[in-house]
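Chemist: Quick one: sequence and predicted model below, then my questions.
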Amino acid sequence: MMVTTSETTDGLVPTVSREAEVGRMAFYEKARTQNLAPLWRVLHGLVTDEPRSGAIPAHWDYAAVRPYLAEACDLISTDEAERRVLVLENPGLPGQSRITPSLFAGLQIILPGEVAPAHRHVASALRFIVEGSGAYTAVAGEKTVMEVGDFVITPSWTWHDHGNHSDKPMVWLDGLDMHVVNILSASFRENYAGREHPVTREPGASFAEAGCNLLPVDYKVASQTSPLFSYPYRVSREALDRLSRARDLDSCHAFKMVYINPVTGGPAMPTLTTAIQLVPKGFSTEPYRSTAGTVFSVVEGKGDATVGNVRFRFGPKDHFVVPSWVPFTLLADEDAVLFSYSDRVIQEKLDIFREVRGNG
Ligand code: GTQ
């Protein structure tokens, strides 16, 4: 057999004669009949030199998105839709309901008088409130009223319904881990027999139990998810404000706090890292990249974000995504507060998380 060499992206590799190639193709086809496939044809696409997420930097201006949410309300009720959500789809991953390969993001809108019926699923959800005031989410029999900037958790396999008794529409960002659950083939879901799950606990019960640096004596940890399912914005905003006076800022993150489970000291959710950060007026963050693709929801302030080669303005209620391994910076013209979530906690559990600070 005549063997020559040629230049490819992998460097100098042997090429084969046409005759040998025909022989190999016949072998591949024959092997397929036995459910066998040659690794050498796909190896470097499977075990890549660097993360190749397919996701690209993208942003959703709220002024552009909001009319679509309104139009969705004209077209379908919450009852019919079950959850009236417009998915924030990464343009690099069209038709897959993904903002990154592992993360789901959507904007859910619920009108006055509507109830999103009770169901439960293995996938965990986070809500980050974007617009409105006074609608509630009920988790495992406890209702909590939601305000802009609140972070609310729906732990895995807990009954939850959402309702709006206020006089204005309510919009929140949904972040779910269902793509991770699905890749592990571990998804279950079921509807509750009624529309709303019965309320069995006082509002504020979870906060009393776990939110005051106190725990009931002999408290048993029942799950890895925080028993505090609501983290009100007024509390996190004040923490950021005080922190900004008490600590030096971080060159890449300014003042960034992760939401924790107060019982374990670990992350608030077992599959999603959630954070709130303050970038003070005039501050520009140093370039930062990590293997954890991250979704941002802007609460306050305006500025410029540069994500890879894409530069855009951000302002309140806007959303954007920084894919894995893409360097980004934030420059705030006004004190800016941003919520974010990623799959970092999963990567840390698996010892595969990597980050680079600065122009490394
Ligand atoms: O509110 O339960 O955006 O089950 C996607 C799936 C929201 C929810 C979503 C869901 C929900």
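Modeler: Thanks, I have the structure now.

Chemist: Not counting sequence-adjacent ones, nearest residue to the residue of the stretch 101-250 of the chain found nearest the ligand?
Modeler: Here the stretch 101-250 of the chain gets closest to the ligand at one residue, D174, 3.4 Å apart by Cβ to the nearest ligand atom. Bear in mind the C-beta positions are built from the backbone N, C-alpha and C, glycine included. Counting by Cβ to Cβ, 6 or more residues apart in numbering, D174 lies nearest to G106, which is 4.6 Å off, once chain neighbours are set aside.

Chemist: The one you found: what's it in contact with?
Modeler: Contacts for G106 (Cβ atoms under 8 Å, 6 or more residues apart in numbering) come out as V85, L86, V87, L88, L173, D174, L176.

Chemist: try S226
Modeler: Going by Cβ under 8 Å, 6+ apart, S226 touches I153, A210, Y259, I260, N261, P262, V263, A268, M269.

Chemist: out of these, which are buried?
Modeler: The neighbour-count test (16 or more other Cβ atoms under 10 Å) marks I153, A210, Y259, N261, P262, V263, A268, M269 as buried among these.

Chemist: Which one of those residues is nearest to the ligand?
Modeler: Nearest to the ligand among the buried ones among the contacts of S226, with distances taken as Cβ to the nearest ligand atom, is I153, at 11.8 Å.

Chemist: just checking, that closest one is part of a helix?
Modeler: No: residue state for I153 (DSSP: H, G, I helix; E, B strand; the rest coil) corresponds to strand; a helix is not indicated.

Chemist: Tell me the predicted confidence for it.
Modeler: Looking at I153, its pLDDT reads 97.

Chemist: which non-adjacent residue is nearest it?
Modeler: Distance criterion Cβ to Cβ, 6+ apart; nearest residue to I153, sequence neighbours excluded, is F229 at 4.6 Å.

Chemist: returning to what we had before: pretty sure the residue of the stretch 101-250 of the chain closest to the ligand is touching I129, no?
Modeler: No: look at D174 against I129 with Cβ atoms under 8 Å: they stay out of range, at 10.9 Å.

Chemist: Could you give the bridge partners of the residue of the stretch 101-250 of the chain closest to the ligand?
Modeler: Note on D174: beta-bridge partners G106, R127, judged by DSSP bridges.

Chemist: Same question for V279.
Modeler: Beta bridges link V279 to A336, judged by DSSP bridges.

Chemist: Around it, how many other residues sit close by?
Modeler: 24 (other Cβ atoms under 10 Å).

Chemist: Next, please give the residue ranges for the helices of the stretch 201-350 of the chain.
Modeler: Using DSSP state H, counting those that start in this stretch, the helices of the stretch 201-350 of the chain run over residues 205-210, 233-246, 344-349.

Chemist: Low-confidence ranges, this protein, go.
Modeler: 1-14 (pLDDT under 70).

Chemist: Quick check: residues of it near the ligand?
Modeler: Proximity of the chain to the ligand, by Cβ under 6 Å from any ligand atom, involves residues R83, V85, G106, Q108, H121, A125, D174, L176.

Chemist: Dump the residues you listed into a markdown table; add secondary structure as well.
Modeler: Output for these, formatted as a markdown table (three-state DSSP):
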| residue | secondary structure |
| --- | --- |
| R83 | coil |
| V85 | strand |
| G106 | strand |
| Q108 | strand |
| H121 | strand |
| A125 | strand |
| D174 | strand |
| L176 | strand |
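
Chemist: Select only the buried ones of these in PyMOL?
Modeler: Per 16+ other Cβ under 10 Å, the buried members of these correspond to this PyMOL selection:
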select buried, resi 85+106+108+121+125+174+176
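
Chemist: L69: what secondary structure?
Modeler: What three-state DSSP gives for L69 is helix.

Chemist: got the contact list for it?
Modeler: Contacts of L69 (Cβ under 8 Å, 6+ apart): L86, L107, I109, P169, V171.

Chemist: Now for the second one: which residues touch it?
Modeler: Put plainly, it is L107. Remark: with contacts taken as Cβ under 8 Å, 6+ apart, L107 is in contact with V65, L69, V85, L86, L88, V130, V171, W172, L173, D174, H319.

Chemist: For L107, give its distance to E131.
Modeler: 9 Å (Cβ to Cβ, to the nearest Å).

Chemist: Could you pull out the residues contacting both of those two?
Modeler: With contacts taken as Cβ under 8 Å, 6+ apart, the residues that reach both L107 and E131 are V171, W172.

Chemist: Is there a neighbour count for Q277? I'd like the number.
Modeler: Neighbours of Q277 under the rule other Cβ under 10 Å: 22.

Chemist: Hmm, C252 and it touching each other?
Modeler: No: judged on Cβ under 8 Å, Q277 makes no contact with C252 at a distance of 10.4 Å.
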